[in-house]
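Participant: the amino acid sequence is not available; the structure is as follows:
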């Protein structure tokens, strides 16, 4: 697996874990009490009406793989939302 793929995979896993422990497997609810129609986590609004409050941050001395990963993330978010998040 390429290093950039692992970084993107890690970032996506991290996004899924933000705001809830149930998405990370540490929820202690009884499975019978879980409503399958209830979202596991609140949606994250990255862009709304062509605008975003987010930026992609990387270190000043980022490795080329980190630069590539941030550019790929920026590209995917633009393809999904139509908004280019600044980096």
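Facilitator: Right, received. Where do you want to start? Here the structure is a predicted model, which means the values were calculated and not measured.

Participant: shaky segments in the chain?
Facilitator: 1-29, 31, 39 (pLDDT under 70).

Participant: cutoff 50 now
Facilitator: Within the chain, the stretches with pLDDT under 50 are 1, 18-24.

Participant: residues near the residue nearest to residue 59 when sequence neighbours are not counted, how many?
Facilitator: Residue nearest to residue 59 in three dimensions, not counting chain neighbours: residue 66, with 6.9 Å by CB to CB, 6 or more residues apart in numbering. Where C-beta positions appear, they are placed from N, C-alpha and C, glycine not excepted. Residues near residue 66, counting by other CB atoms under 10 Å, number 15.

Participant: in a strand, residue 66, correct?
Facilitator: No. Counting by DSSP: H, G, I helix; E, B strand; the rest coil, residue 66 is not found in a strand; it is helix.

Participant: switch to numbering from 36
Facilitator: Taking 36 as the first residue, the last one we looked at is residue 101.
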